[in-house]
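**Q** Give me the fold of what follows.
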Amino acid sequence: MKLIKLLLSAVLFCTLTFSVANVANSQSSSEITPEDIRDMMHTDRIPVREATETTGTPYLFPDFQDGHIVLTNGQTTNVLELRYNTYEQTLEFLDGYSALRMDPDHIQEFELFVDNTVYKFEKGYDARRLSEDDFVRLIIDDEIKFMAKHTTSFQEDVASYGTATQQDEYISDVTYYIQIGDGEIERIRSLNERRVMRQIDQFDDKVEDFANRNDTDFSDPDDVEELFQYYNKLLTENN
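**A** Down below sits the predicted model:
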(Lines give C-alpha, C1' and ligand atoms only; values in the text may rest on other atoms or scores of the structure.)
Protein backbone atom coordinates (compact mmCIF):
# COMPACT_ATOMS: atom_id res chain seq x y z
CA MET A 1 0.00 0.00 0.00
CA LYS A 2 2.80 2.42 0.91
CA LEU A 3 4.52 1.63 -2.38
CA ILE A 4 1.34 2.44 -4.35
CA LYS A 5 0.92 5.74 -2.50
CA LEU A 6 4.51 6.66 -3.25
CA LEU A 7 4.07 5.87 -6.94
CA LEU A 8 0.85 7.94 -7.15
CA SER A 9 2.52 10.86 -5.39
CA ALA A 10 5.44 10.73 -7.81
CA VAL A 11 3.11 10.72 -10.85
CA LEU A 12 1.10 13.65 -9.45
CA PHE A 13 4.27 15.62 -8.72
CA CYS A 14 5.62 15.10 -12.25
CA THR A 15 2.28 16.09 -13.81
CA LEU A 16 2.08 19.32 -11.81
CA THR A 17 5.71 20.18 -12.56
CA PHE A 18 5.18 19.65 -16.31
CA SER A 19 2.01 21.79 -16.30
CA VAL A 20 3.66 24.67 -14.44
CA ALA A 21 6.64 24.56 -16.79
CA ASN A 22 4.35 24.79 -19.80
CA VAL A 23 2.50 27.78 -18.36
CA ALA A 24 5.76 29.51 -17.49
CA ASN A 25 7.13 28.91 -20.98
CA SER A 26 3.99 30.23 -22.64
CA GLN A 27 3.99 33.36 -20.48
CA SER A 28 7.70 34.05 -20.93
CA SER A 29 7.49 33.85 -24.72
CA SER A 30 6.81 37.32 -26.11
CA GLU A 31 6.27 36.26 -29.72
CA ILE A 32 2.85 35.30 -30.99
CA THR A 33 1.72 33.71 -34.24
CA PRO A 34 -1.11 34.58 -36.66
CA GLU A 35 -3.17 31.84 -35.04
CA ASP A 36 -2.66 33.52 -31.65
CA ILE A 37 -3.76 36.86 -33.11
CA ARG A 38 -6.97 35.37 -34.45
CA ASP A 39 -7.69 33.82 -31.05
CA MET A 40 -6.81 36.93 -29.02
CA MET A 41 -8.60 39.69 -30.85
CA HIS A 42 -11.21 40.61 -33.40
CA THR A 43 -10.03 40.31 -37.00
CA ASP A 44 -11.94 40.83 -40.24
CA ARG A 45 -11.31 38.82 -43.39
CA ILE A 46 -10.96 41.18 -46.36
CA PRO A 47 -10.32 40.86 -50.11
CA VAL A 48 -6.64 40.94 -51.04
CA ARG A 49 -7.21 42.87 -54.30
CA GLU A 50 -8.95 46.22 -54.75
CA ALA A 51 -11.41 46.99 -57.54
CA THR A 52 -9.57 47.93 -60.73
CA GLU A 53 -11.80 50.95 -61.49
CA THR A 54 -10.40 52.84 -58.49
CA THR A 55 -7.19 54.84 -58.94
CA GLY A 56 -4.64 55.37 -56.22
CA THR A 57 -4.37 53.09 -53.22
CA PRO A 58 -5.47 53.17 -49.57
CA TYR A 59 -2.17 51.54 -48.59
CA LEU A 60 1.19 53.07 -47.74
CA PHE A 61 2.72 50.25 -49.80
CA PRO A 62 0.33 48.40 -52.13
CA ASP A 63 2.04 45.04 -51.61
CA PHE A 64 2.40 43.14 -48.36
CA GLN A 65 5.76 43.66 -46.67
CA ASP A 66 7.58 41.72 -43.96
CA GLY A 67 7.19 43.26 -40.52
CA HIS A 68 6.18 42.66 -36.95
CA ILE A 69 3.72 44.09 -34.44
CA VAL A 70 3.94 45.02 -30.76
CA LEU A 71 0.55 44.68 -29.09
CA THR A 72 -0.76 46.91 -26.31
CA ASN A 73 -0.16 44.06 -23.85
CA GLY A 74 3.55 44.09 -24.71
CA GLN A 75 3.63 40.91 -26.77
CA THR A 76 5.47 40.88 -30.09
CA THR A 77 4.45 38.87 -33.15
CA ASN A 78 6.68 36.76 -35.32
CA VAL A 79 7.57 38.26 -38.71
CA LEU A 80 4.35 38.59 -40.69
CA GLU A 81 3.41 39.88 -44.13
CA LEU A 82 1.81 43.23 -43.32
CA ARG A 83 0.05 46.05 -45.14
CA TYR A 84 -0.83 49.45 -43.62
CA ASN A 85 -4.16 50.92 -44.71
CA THR A 86 -3.73 54.69 -44.34
CA TYR A 87 -7.34 55.36 -45.34
CA GLU A 88 -8.90 53.25 -42.58
CA GLN A 89 -5.82 53.51 -40.30
CA THR A 90 -5.73 49.75 -39.87
CA LEU A 91 -3.13 47.05 -40.24
CA GLU A 92 -3.65 43.89 -42.26
CA PHE A 93 -1.67 40.67 -42.28
CA LEU A 94 -1.58 37.89 -44.84
CA ASP A 95 -2.66 34.51 -43.53
CA GLY A 96 -2.36 31.95 -46.29
CA TYR A 97 -4.45 33.23 -49.17
CA SER A 98 -6.52 35.56 -46.98
CA ALA A 99 -5.89 39.02 -45.60
CA LEU A 100 -7.06 39.75 -42.06
CA ARG A 101 -7.67 43.24 -40.70
CA MET A 102 -6.64 43.77 -37.08
CA ASP A 103 -8.35 46.00 -34.55
CA PRO A 104 -5.94 48.97 -34.19
CA ASP A 105 -6.91 49.36 -30.52
CA HIS A 106 -4.82 46.24 -29.82
CA ILE A 107 -1.69 47.56 -31.58
CA GLN A 108 0.89 49.79 -29.90
CA GLU A 109 3.52 49.87 -32.63
CA PHE A 110 4.65 48.03 -35.75
CA GLU A 111 7.54 47.93 -38.19
CA LEU A 112 7.66 47.31 -41.94
CA PHE A 113 10.85 46.14 -43.66
CA VAL A 114 10.93 47.61 -47.16
CA ASP A 115 13.99 47.65 -49.45
CA ASN A 116 16.50 47.49 -46.57
CA THR A 117 14.66 50.29 -44.75
CA VAL A 118 12.75 49.91 -41.49
CA TYR A 119 9.54 51.94 -41.26
CA LYS A 120 8.62 52.21 -37.60
CA PHE A 121 5.16 53.33 -36.47
CA GLU A 122 4.07 54.14 -32.93
CA LYS A 123 1.11 55.52 -31.02
CA GLY A 124 1.15 57.84 -28.03
CA TYR A 125 1.94 61.27 -29.47
CA ASP A 126 -0.36 64.23 -28.93
CA ALA A 127 -0.27 67.47 -30.94
CA ARG A 128 -2.43 69.59 -33.20
CA ARG A 129 -4.34 67.29 -35.56
CA LEU A 130 -2.64 64.34 -33.91
CA SER A 131 -4.06 62.16 -31.15
CA GLU A 132 -2.42 59.50 -29.01
CA ASP A 133 -4.42 56.87 -30.90
CA ASP A 134 -2.88 57.84 -34.25
CA PHE A 135 0.00 55.93 -35.77
CA VAL A 136 3.00 58.10 -36.66
CA ARG A 137 6.12 57.05 -38.51
CA LEU A 138 9.31 57.79 -36.59
CA ILE A 139 11.71 59.04 -39.25
CA ILE A 140 14.24 60.13 -36.60
CA ASP A 141 13.96 58.81 -33.06
CA ASP A 142 16.66 60.46 -30.96
CA GLU A 143 17.17 63.86 -29.32
CA ILE A 144 15.07 64.96 -32.26
CA LYS A 145 11.92 63.07 -33.12
CA PHE A 146 10.95 63.75 -36.73
CA MET A 147 7.60 62.12 -37.41
CA ALA A 148 5.14 61.66 -40.25
CA LYS A 149 1.43 60.96 -40.11
CA HIS A 150 0.22 59.21 -43.28
CA THR A 151 -3.42 59.65 -44.24
CA THR A 152 -5.54 58.93 -47.31
CA SER A 153 -8.87 60.37 -48.41
CA PHE A 154 -11.37 58.81 -50.79
CA GLN A 155 -13.16 60.75 -53.50
CA GLU A 156 -15.96 59.32 -55.61
CA ASP A 157 -16.77 60.11 -59.24
CA VAL A 158 -13.61 62.09 -59.98
CA ALA A 159 -13.43 63.23 -63.61
CA SER A 160 -10.53 61.67 -65.54
CA TYR A 161 -8.28 64.12 -67.37
CA GLY A 162 -9.11 64.36 -71.08
CA THR A 163 -12.13 62.05 -70.90
CA ALA A 164 -15.73 62.17 -69.75
CA THR A 165 -15.20 59.06 -67.65
CA GLN A 166 -15.48 59.38 -63.88
CA GLN A 167 -13.84 57.10 -61.36
CA ASP A 168 -13.14 56.79 -57.66
CA GLU A 169 -9.77 57.90 -56.35
CA TYR A 170 -7.64 57.50 -53.23
CA ILE A 171 -5.53 60.59 -52.46
CA SER A 172 -2.67 60.20 -49.99
CA ASP A 173 -1.14 62.92 -47.82
CA VAL A 174 1.60 63.28 -45.20
CA THR A 175 1.77 65.66 -42.23
CA TYR A 176 5.12 66.14 -40.51
CA TYR A 177 5.82 66.75 -36.83
CA ILE A 178 8.95 67.44 -34.83
CA GLN A 179 9.82 67.21 -31.15
CA ILE A 180 13.15 68.39 -29.77
CA GLY A 181 14.13 66.91 -26.42
CA ASP A 182 11.22 67.09 -24.00
CA GLY A 183 9.64 70.02 -25.81
CA GLU A 184 6.20 70.22 -27.34
CA ILE A 185 5.43 68.31 -30.53
CA GLU A 186 5.16 70.87 -33.32
CA ARG A 187 3.31 70.37 -36.57
CA ILE A 188 5.21 71.50 -39.66
CA ARG A 189 2.36 72.72 -41.82
CA SER A 190 4.35 72.29 -45.02
CA LEU A 191 7.95 71.59 -45.85
CA ASN A 192 9.65 74.80 -46.84
CA GLU A 193 12.78 76.64 -45.72
CA ARG A 194 11.04 79.11 -43.42
CA ARG A 195 9.01 76.50 -41.53
CA VAL A 196 11.85 74.00 -41.28
CA MET A 197 14.47 76.50 -40.15
CA ARG A 198 12.04 77.86 -37.58
CA GLN A 199 12.57 74.58 -35.69
CA ILE A 200 16.31 75.28 -35.39
CA ASP A 201 16.95 77.27 -32.21
CA GLN A 202 20.60 76.24 -31.68
CA PHE A 203 23.65 76.08 -33.98
CA ASP A 204 21.81 78.17 -36.57
CA ASP A 205 24.99 79.10 -38.48
CA LYS A 206 26.20 75.50 -38.69
CA VAL A 207 22.83 74.21 -39.88
CA GLU A 208 22.52 76.98 -42.48
CA ASP A 209 26.04 76.21 -43.69
CA PHE A 210 25.13 72.51 -43.94
CA ALA A 211 22.03 73.38 -45.99
CA ASN A 212 24.06 75.59 -48.35
CA ARG A 213 26.87 73.07 -48.80
CA ASN A 214 24.41 70.25 -49.52
CA ASP A 215 22.03 72.33 -51.62
CA THR A 216 19.16 71.25 -49.36
CA ASP A 217 15.75 71.12 -51.00
CA PHE A 218 13.44 72.05 -48.11
CA SER A 219 10.41 70.63 -49.93
CA ASP A 220 12.05 67.20 -50.19
CA PRO A 221 11.39 65.02 -47.09
CA ASP A 222 14.67 63.12 -47.62
CA ASP A 223 16.67 66.36 -47.66
CA VAL A 224 14.85 67.63 -44.58
CA GLU A 225 15.54 64.33 -42.80
CA GLU A 226 19.24 64.69 -43.64
CA LEU A 227 19.26 68.25 -42.29
CA PHE A 228 17.53 67.21 -39.05
CA GLN A 229 19.93 64.26 -38.70
CA TYR A 230 22.80 66.75 -38.81
CA TYR A 231 21.06 69.01 -36.28
CA ASN A 232 20.39 65.96 -34.08
CA LYS A 233 24.11 65.11 -34.20
CA LEU A 234 25.02 68.64 -33.05
CA LEU A 235 22.54 68.42 -30.16
CA THR A 236 23.65 64.99 -28.95
CA GLU A 237 27.35 65.87 -29.18
CA ASN A 238 26.87 68.97 -27.07
CA ASN A 239 24.62 67.51 -24.35
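**Q** make it CA atoms for all contacts and neighbour counts henceforth
**A** Noted.
**Q** All the strands of this structure, residue numbers only.
**A** Along the chain, the segments classed as strands by DSSP state E run 31-32, 43-46, 54-55, 65-71, 76-77, 80-85, 90-95, 98-102, 107-114, 117-122, 136-141, 144-159, 166-180, 186-188.
**Q** Go through these and name the closest to Asp222.
**A** Using CA to CA as the measure, strand 136-141 is the one of the strands of the chain that comes nearest Asp222, at 9.8 Å.
**Q** Buried residues in that closest one, which are they?
**A** Of the residues in strand 136-141, 136-140 count as buried by neighbour count, 16 or more other CA atoms under 10 Å.
**Q** Of these, which is the nearest to Glu156?
**A** Proximity of those to Glu156, judged by CA to CA, is greatest for Val136, which lies at 26.8 Å.
**Q** Glu225 versus that closest one, what's the distance?
**A** 15 Å (CA to CA, to the nearest Å).
**Q** contacting residues for the closest residue to Asn232 other than its chain neighbours?
**A** In space, not counting the residues next to it along the chain, Asn232 is nearest to Ile144; the distance is 5.7 Å by CA to CA, 6 or more residues apart in numbering. With contacts taken as CA atoms under 8 Å, 6 or more residues apart in numbering, Ile144 has the following neighbours: 178-181, 228, 232.
**Q** please redo it, this time with the cut-off set to 6 Å
**A** Counting by CA atoms under 6 Å, 6 or more residues apart in numbering, Ile144 makes contact with 179-180, 232.
**Q** what about this structure, any weak spots by pLDDT?
**A** Within the chain, the ranges that satisfy pLDDT under 70 run 1-30, 38-52, 158-166.
**Q** Apply 90 and report the result again.
**A** For the chain, applying pLDDT under 90 flags the ranges 1-55, 95-98, 128-129, 155-168, 238-239.
**Q** Of all residues in it, which one is nearest the centre?
**A** Relative to the mean C-alpha position of the chain, the nearest C-alpha, by CA atoms, centre = their mean, is the one of Phe121, at 2.3 Å.
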